[in-house]
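Asks: Predicted coordinates and the sequence they were generated for:
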Amino acid sequence: MVMKIEKINLDAFDILLPSFSMPIDEDEMDELDLGSEEYREMCRESFLDALPDEIIHHGQVEREIENWGTYDYNEDYFIMPINEEGYNWAVFRSYWDDNYSEWQVCSEGRFKVNSDDHTLVARLVLPSIWKSRGIIIDDEEYVEYKNFLETI
């Protein structure tokens, strides 16, 4: 059987994720630079550790973007099995928001795919998600996405 996307919905959807605590006390928090890479990674690791086992973290796309300045843009991608409205997979991403010094979570899409293999599903659906955001993985500007897809 050929694996294909049978149904796709790229509209936003609610993601219910567990809350988590930072592994430091209030005094340490006051001394921590909320814009630092140390803080960013501490938040990311705490978030990843709090996720339930059924949510699969496929890794992180790391980009350096040059605009009026140069900044890092990193996105973690996740896939999880669901059983709602005829869909069996959901994809979401998290990314660091420099303006608020916090990780943001963004739903990416729900899919019906005739496979139970999350790795194969991720390889199939991520290019569709990226294309909807104007990210064409064969474009040199987005080589990090193509490289990420090859590592899954």
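Replies: Yep, it's here. Residues are numbered from 1 along each chain as shown.
Asks: Please make it C-alpha for all contacts and neighbour counts, starting now.
Replies: Will do.
Asks: Show me which strand runs longest in this protein.
Replies: With DSSP state E applied, the strand covering the greatest number of residues in the chain is identified as strand 70-84.
Asks: who touches the helix or strand harbouring residue 123?
Replies: Element membership for residue 123, per DSSP states H and E: helix 118-132. With contacts defined as CA atoms under 8 Å, 6 or more residues apart in numbering, helix 118-132 is touched by 4-5, 10, 56, 79-80, 108-109, 111, 113, 115, 136-137, 149, 152.
Asks: Do you have the helices of the protein handy? List them.
Replies: Counting by DSSP state H, the segments of the chain that form helices are 26-31, 37-50, 118-132, 143-151.
Asks: can you tell me the average pLDDT over the second one?
Replies: Put plainly, it is helix 37-50. Confidence over helix 37-50, taken as the mean pLDDT, stands at 84.
Asks: Give me the buried positions along that helix.
Replies: By neighbour count with 16 or more other CA atoms under 10 Å, helix 37-50 contains the buried residues 39-40, 43-44, 47.
Asks: closest to residue 97 among those?
Replies: Sorting the buried residues of helix 37-50 by distance to residue 97 puts residue 40 at the head of the list, at 9.6 Å, by CA to CA.
Asks: how close does the closest one sit to residue 46?
Replies: Spatial separation of residue 40 from residue 46 under the definition CA to CA, to the nearest Å is 10 Å.
Asks: count of residues packed around the spatially closest residue to residue 95 that is not a sequence neighbour?
Replies: Closest residue in space to residue 95, ignoring its immediate chain neighbours: residue 75 at 4.6 Å, by CA to CA, 6 or more residues apart in numbering. Per other CA atoms under 10 Å, the neighbour tally for residue 75 reads 18.
Asks: And residue 120, by the same measure?
Replies: The number of residues packed near residue 120 is 13, by other CA under 10 Å.
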